[in-house]
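okay, structure incoming, though there's no sequence with it:
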Ligand code: RBF
């Protein structure tokens, strides 16, 4: 029996952060958390790219295009939807979640979901705090784990079969 897992070691990984500008008082903090997680885990700054998009709705397509480049090991989507201030909140949240799922499925590249969906700005800020109390940090580490897992899985896959 083989147990195959990813690691928290980001050395040598190329990662793209796709960050929504909408609610940037929160998404800037998510970006900071994700960057801190990646560099603490050993990623080189030269291997990290940051792409800005207008809002969360734009995250999936930008993530898909970035993932399709063949030059990234993982993508991290960061956004913030605040219910109290967003009419049709559920539609946008659902479109973003489905879109990110589809982008990962189409490209085979791990795309982490770091999109906050909260009732208030206070709740959003509480999830974008210092260190690991930050969903950007969490999403970045999920991306590292998945990218390192895929490296192992692809080494095991028979020639010709590429996930
Ligand atoms: N984008 C976000 O990232 N977070 C939001 O809370 C948010 N609220 C929106 C509310 C409305 C009514 C609309 C029309 C857009 C909102 N957007 C939000 C922007 C959306 O993600 C996208 O950038 C724009 O709709 C342009 O496609």
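Looks like it arrived, so ask away. Please read these numbers as outputs of a predicted model, since none were measured by experiment. Numbers count the residues shown, from 1 in each chain.

residues contacting the residue nearest to residue 54 when sequence neighbours are not counted?
Spatially, and ignoring its direct neighbours in sequence, residue 54 is nearest to residue 21 (5.8 Å; C-beta to C-beta, 6 or more residues apart in numbering). Any C-beta I mention is one placed from the backbone N, CA and C, and that applies to glycine too. Listed by C-beta atoms under 8 Å, 6 or more residues apart in numbering, the contact set of residue 21 reads 27, 52-55.

can you list those residues in JSON lines and add neighbour count, distance to residue 138 and secondary structure?
As requested, these are exported to JSON lines (neighbours: other C-beta atoms under 10 Å; distance: C-beta to C-beta, whole Å; DSSP: H, G, I helix; E, B strand; the rest coil):
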{"residue": "27", "neighbour count": "25", "distance to residue 138": "15", "secondary structure": "helix"}
{"residue": "52", "neighbour count": "14", "distance to residue 138": "21", "secondary structure": "strand"}
{"residue": "53", "neighbour count": "20", "distance to residue 138": "20", "secondary structure": "strand"}
{"residue": "54", "neighbour count": "11", "distance to residue 138": "24", "secondary structure": "coil"}
{"residue": "55", "neighbour count": "17", "distance to residue 138": "21", "secondary structure": "coil"}
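
from those residues, which is closest to the ligand?
Nearest to the ligand, judged by C-beta to the nearest ligand atom, of these is residue 55 at 2.2 Å.

so what's that closest one closest to, chain neighbours aside?
Nearest residue to residue 55, sequence neighbours excluded (C-beta to C-beta, 6+ apart): residue 22, at 3.8 Å.

tally of neighbours for that neighbour?
By other C-beta atoms under 10 Å, the residues close to residue 22 number 18.

is it fair to say it lies in a strand?
No. Per DSSP: H, G, I helix; E, B strand; the rest coil, residue 22 lies outside any strand segment and is coil.
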